[in-house]
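Undergrad: Fold the following, please.
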Amino acid sequence: MAVETLTFGCRLNTVESEVMRRHAEAAGTEGDLVLVNTCAVTAEAGRQARKAIRKLARERPGAEIVVTGCGAQVETQAYSAMPEVARIVGNDAKTRAGTWLPATHPRPRLAIDDIMAVRDAAPTRIASVAGHTRAFVPVQNGCDHRCTFCIIPFGRGNSRSVALEDAVDQVRRIVDHGGREVVLTGVDLTAYGRDLTQSSSLGRLVQAILRHVPDLARLRLSSIDSIEADAALMEAIAGERRLMPHFHLSLQAGDDLILKRMKRRHGRDDAIRFCKAVRRLRPDAVFGADLIAGFPTETEEQFVRSLDLVAECGLTHLHVFPYSPRPGTPAARMPPVAGDVIRERAARLREAGAAALTAHLAGEVGRTHRVLTERGGMGRTEGFTPVRLAADAPAGELRAVAIAGHDGRVLIAAE
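TA: Got it, this is the predicted structure:
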């Protein structure tokens, strides 16, 4: 019987769910098996996962529900207390084939590893993820930093990188199976290579992939920390047209004191300077960003600095997060901002993001873009802007598309 996965959270989880599913199916798993890959980035993510597990158990009373992911790693007791859960598997073990082999003796219900002791990042060996046009390639896992709002290092462990040769081989495998676009992903992607050699870096990896896999049409980066962009990455941005000009930045705030209380590595001016530098090298660059509204102690004046950052950095695609306390983090012990204020500030950030997106869309009308087609009559430009196509097209094709208009959310292709 096919194995079902239910995935919460990041792109890394999406790929790991596919790896788990394939291992379990290859092992000849019998019966109704559901693998729930949880997220722990917010307390709400955990609540949603547990709600989904209870619903699964009601609807499929005979299913074996196995829970894994960051939620299982950092909130083990909460999932252990659920009678609906048959097994709990740690983040390191979940992608290992042996975890899913038929048991020759009763398995322990709880198999949580010491994630801080893990020192290697195993490469993935899959050429695609079901239901996805672009292929995600995890090249880094874990994080060595301790942002005060974030629990993820305790779910993922310390930073570790996939060997450059393994990463290049994985991209080549995807291209050999017809893949047109690859997205490099990780927990702290710009930390790539620090644990390998002195000369290893994300930029050198990007250059190696584009050099050794000449048939790769498009290479993208997932979220990056702008302060950690290395010289080789800036060279690739300037000179490699196959590196797509969309950069999603982990900014979080626009006020220096709030950034310090978040224990971020950059300041406001660093973010603005990076965006200007990239635009000089790549005038067609499009920026997205993560921003948190209502971080503890944030005043109205400090919030306005985050609001102003949308224009000063020229941000187009915003991910806005109303702050919610994550138990176990230092920020959860800081003086909170009132809930109604948090919601109001998040709404203002989203309004600014919507206005910036509308302006970007309007600027694209009349242009022609190379669009990668997706399912459902949609596609994406080089700058990751969604396009509604004039007619359905097979997913995974690159087409020149003239832009006739927009609806405030997506571009609309000419007939």
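
Undergrad: Tell me the buried residues in the helix ranked longest in the chain?
TA: Ordering each helix of the chain by length in residues (DSSP state H) puts helix 339-364 first. Buried positions in helix 339-364, judged by neighbour count with 16 or more other Cβ atoms under 10 Å: 341-342, 345-346, 348-350, 352-353, 356-357, 360-361, 364. Placement of C-beta: from N, CA and C, glycine included.

Undergrad: C-terminal to that helix, what's the next element?
TA: Next in sequence after helix 339-364, counting helices and strands by DSSP states H and E, comes strand 368-373.

Undergrad: What's the first helix or strand after that next one?
TA: Under the assignment DSSP H and E, the closest C-terminal helix or strand after strand 368-373 is strand 378-380.

Undergrad: quick revisit: reformat the buried residues of helix 339-364 as TSV; add pLDDT.
TA: Listed next are the buried residues of helix 339-364 as TSV, based on pLDDT from 0 to 100:
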residue	pLDDT
Val341	98
Ile342	98
Arg345	98
Ala346	98
Arg348	98
Leu349	98
Arg350	98
Ala352	98
Gly353	97
Ala356	98
Leu357	98
His360	97
Leu361	98
Glu364	97
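
Undergrad: follow-up on the earlier one: counting by contacts, list what the longest helix of the chain packs against.
TA: Counting contacts by 3 or more Cβ pairs under 8 Å, 6 or more residues apart in numbering; DSSP states H and E, helix 339-364 packs against strand 286-293, helix 300-312, strand 315-322, strand 398-406.

Undergrad: The least confident helix or strand in the chain by mean pLDDT pairs with which strands, parallel or anti?
TA: Lowest by mean pLDDT, DSSP states H and E among the helices and strands of the chain is strand 110-111, with a mean of 89. Strand 110-111 sits in its sheet next to strand 87-89 (parallel), going by DSSP bridges.

Undergrad: Okay, and the closest residue to Leu221 other than its chain neighbours sits in which element?
TA: Excluding the flanking residues, the one nearest Leu221 by Cβ to Cβ, 6 or more residues apart in numbering is Leu184, at 5.5 Å. Using DSSP H and E, Leu184 maps to strand 181-185.

Undergrad: For that strand, name the packing helices and strands.
TA: Using 3+ Cβ pairs under 8 Å, 6+ apart as the test, strand 181-185 ends up in contact with helix 11-26, strand 135-138, helix 164-176, helix 202-212, strand 218-221.

Undergrad: and the next element down the chain from the last one?
TA: Following strand 218-221 in sequence order, the next helix or strand is helix 231-239 (DSSP H and E).

Undergrad: now that following helix, how far from the centre of its chain.
TA: Here the centre of helix 231-239 is set off from its chain's centre by 22 Å, with Cα atoms, centre = their mean, to the nearest Å.

Undergrad: got it, and stretch 138-154?
TA: How far stretch 138-154 lies from its chain's middle: 12 Å, per Cα atoms, centre = their mean.

Undergrad: Make residue 1 into 688 and carry on from there
TA: Done: numbering now begins at 688, and the last item shifts to stretch 825-841.

Undergrad: what about that stretch, start to end distance?
TA: End-to-end distance for stretch 825-841: 18 Å, by Cα to Cα, to the nearest Å.

Undergrad: in it, what's buried?
TA: Under 16+ other Cβ under 10 Å, the buried positions of stretch 825-841 are 825-830, 832, 834-841.

Undergrad: thinking again about what came up before, show residues contacting the strand holding Leu871.
TA: With Cβ atoms under 8 Å, 6 or more residues apart in numbering as the test, strand 868-872 has contacts from 697-699, 702, 820-826, 854, 858, 861-862, 889, 892-893, 896, 903-909, 931, 1059.
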